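Engineer: need a 3D model of the following:
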Amino acid sequence: MQGLLLRLSTLDTDAESAVRVIAYFDSLVRDHVSVPVLLTATARLTQCPVGLLDAATGRRTRVRADGTADTPALPGSVRELSSGLGAVWMEREGPAHGLDEIVLERYAAAAEVTLERAAALVHTARDPALVELALSAETGEAERARALRLLGFDPATPLQALAIALPDQGLASGLRAMGHHVRAATIGDTEAVLVATTLSAELPDAPRTGTGIGPEPPGASRVGVGPEPPGTSRVGVGPELPGARAAESWAGARTALRFTGPHDPVMRWSDLGALALFADLPEQAIAGLPDVRAMSRLGEESLLAVRALCLAGSVRGAAQAVHLHHSSLAARISRAESALGFSLGDQPGRMRAHLALVLVRLLC
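Structural biologist: Numbering: from 1, shown residues only. A predicted model of the protein is given here:
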């Protein structure tokens, strides 16, 4: 039905057209669409900006006919929703269309149902089971799409999955407080989080998320997961993919989580590159590598010295990074070289050491 009704401007102001408008919104309600999908569908129908105020969150959203969205001021004329759920409105420039009133009426009715369903999901704690369903690789396409809609996501909208090592130090709730659309569930020993946003540039003060293989280039990417993860929170961030491919993002997030450590608590799957392949190696094979065994036996001071040298590329640069005199750091590096059995004085040696450092994390 939605495909049969694309633009209000193509319809006459007769009873048959009014019935088609009603059927259009009934179809949206029947499909359990989310608020963003309802807004986009209404704007496409009317070919003008439409808005919605969610009274529960105080959020105002306006979507234009081309699908772009923003957060506007509340206009002077709105249609109030029942039970204090909020309000909706249309912003048509020029003369009104003969069906505008019935569109606004049906849009308001659909918004009430959609907002009530969203509130019911929160209060009945259905999110965890739906999140698991959306993230499972065994879930069928139609079943995943339905789960995403019930969670308030459009299956075509880009999502990112986060894998947070328990105990979660409040990262999911922090994202909600920032206004992100977030759904979470505990899966095994990991908090699984789905976020309808691109997590790439909102964490300017977070620890950098390099893989520890060579010095990071200027402007290295950071993970935008809101405030810096407090305490011992370790977070793997999956790739940004359409909701229909949420299972792939979740797999990437879990892989990235394995590469996190005390000095790199946040890791993006997209930053791992070819290193992600090592996550598929059997732990027994990794543990049997001489470099990994030698690196695992180093003390904390030596590990910090090796890591700093590999990131900085020089003893002086590493000493400055860890606030030590360069001669003190050089002594630690010398002891580490004796234990490792190879020199860290050249790029191949440092690359070898960095790879061993990364592989040690996969055994933790």
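Engineer: ok, and the closest non-adjacent residue to Leu289?
Structural biologist: Leu359 (6.8 Å; Cβ to Cβ, 6 or more residues apart in numbering). Just so you know, the C-beta spots here come from the backbone N, C-alpha and C atoms, and that holds for glycine as well.
Engineer: Gln320 too?
Structural biologist: Ala312 (7.6 Å).
Engineer: need the pLDDT of that neighbour.
Structural biologist: You'll see Ala312 listed with a pLDDT of 89.
Engineer: and it, how many neighbours does it have?
Structural biologist: 18 (other Cβ atoms under 10 Å).
Engineer: my guess is it contacts Leu324, does it?
Structural biologist: No: if you go by Cβ atoms under 8 Å, Ala312 and Leu324 don't touch, sitting 11.8 Å apart.
Engineer: care to break the protein down by domain?
Structural biologist: 2-123, 127-279, 283-361 (automatic domain parsing).
Engineer: which of those is buried the deepest?
Structural biologist: domain 127-279 (a mean of 19; mean count of other Cβ atoms under 10 Å).
Engineer: what about that domain, how long is it end to end?
Structural biologist: 29 Å (Cα to Cα, to the nearest Å).
Engineer: from the chain's centroid, how far away is that domain?
Structural biologist: 5 Å (Cα atoms, centre = their mean, to the nearest Å).
Engineer: quick one: low-confidence parts of the stretch 101-250 of the chain?
Structural biologist: Within the stretch 101-250 of the chain, the segments meeting pLDDT under 70 span 120-126, 169, 197-232.
Engineer: that one: helices as residue ranges?
Structural biologist: 127-135, 141-150, 171-177, 246-258 (DSSP state H, counting those that start in this stretch).
Engineer: so who does Leu39 touch?
Structural biologist: Val50, Gly51, Leu52, Thr61, Arg62, Val63, Ala69 (Cβ atoms under 8 Å, 6 or more residues apart in numbering).
Engineer: so the fourth one makes contact with Gly86?
Structural biologist: The reference is to Thr61. No: under the criterion of Cβ under 8 Å, Thr61 makes no contact with Gly86, lying 10.3 Å away.
Engineer: which residues are common contacts for these two?
Structural biologist: Leu52, Asp54.
Engineer: which stretches in the stretch 251-364 of the chain count as helices?
Structural biologist: Using DSSP H, counting those that start in this stretch, helices in the stretch 251-364 of the chain cover 269-272, 283-287, 290-297, 300-312, 315-322, 326-340, 347-361.
Engineer: what residues does stretch 107-119 touch?
Structural biologist: Contacts for stretch 107-119 (Cβ under 8 Å, 6+ apart): 25, 28-29, 32-35, 38, 42, 50, 52, 54, 56, 79, 81-83, 85-86, 88, 90, 150, 152.
Engineer: tell me how far Ser296 lies from Gly341.
Structural biologist: 14 Å (Cβ to Cβ, to the nearest Å).
Engineer: whoops, I mixed them up, Val360
Structural biologist: 16 Å.
Engineer: isn't Leu135 up against Ala246?
Structural biologist: Yes: the criterion here is Cβ under 8 Å, and Leu135 meets it with Ala246 at 5.6 Å.
Engineer: who touches both of these two?
Structural biologist: Joint contacts of Leu135 and Ala246 (Cβ under 8 Å, 6+ apart) are Ala161, Leu194.
Engineer: closest to the centroid, which residue in the chain?
Structural biologist: Gln160 (3.1 Å; Cα atoms, centre = their mean).
Engineer: bridging residues for that one?
Structural biologist: Counting by DSSP bridges, Gln160 forms beta bridges with Val195.
Engineer: do you know how far it is from Glu93?
Structural biologist: On the measure of Cβ to Cβ, Gln160 and Glu93 end up 36 Å apart.
Engineer: His326 too?
Structural biologist: 68 Å.
Engineer: next one: Val235
Structural biologist: Relative to Glu93, and taking Cβ to Cβ, Val235 is found at 45 Å.
Engineer: mind listing the strands for the stretch 151-300 of the chain?
Structural biologist: Counting by DSSP state E, counting those that start in this stretch, the segments of the stretch 151-300 of the chain that form strands are 158-165, 182-187, 190-195, 235-237, 241-242, 266-268.
Engineer: so what does the last one touch, helix or strand wise?
Structural biologist: Of the remaining helices and strands, those touching strand 266-268 by 3 or more Cβ pairs under 8 Å, 6 or more residues apart in numbering; DSSP states H and E are strand 235-237, helix 246-258.
Engineer: name the residues that touch the longest one?
Structural biologist: Taking Cβ under 8 Å, 6+ apart as the criterion, the residues outside helix 246-258 that touch it are 134-137, 139, 144, 148, 159-165, 190, 192, 194, 234-241, 267-272, 276, 279, 361-362.
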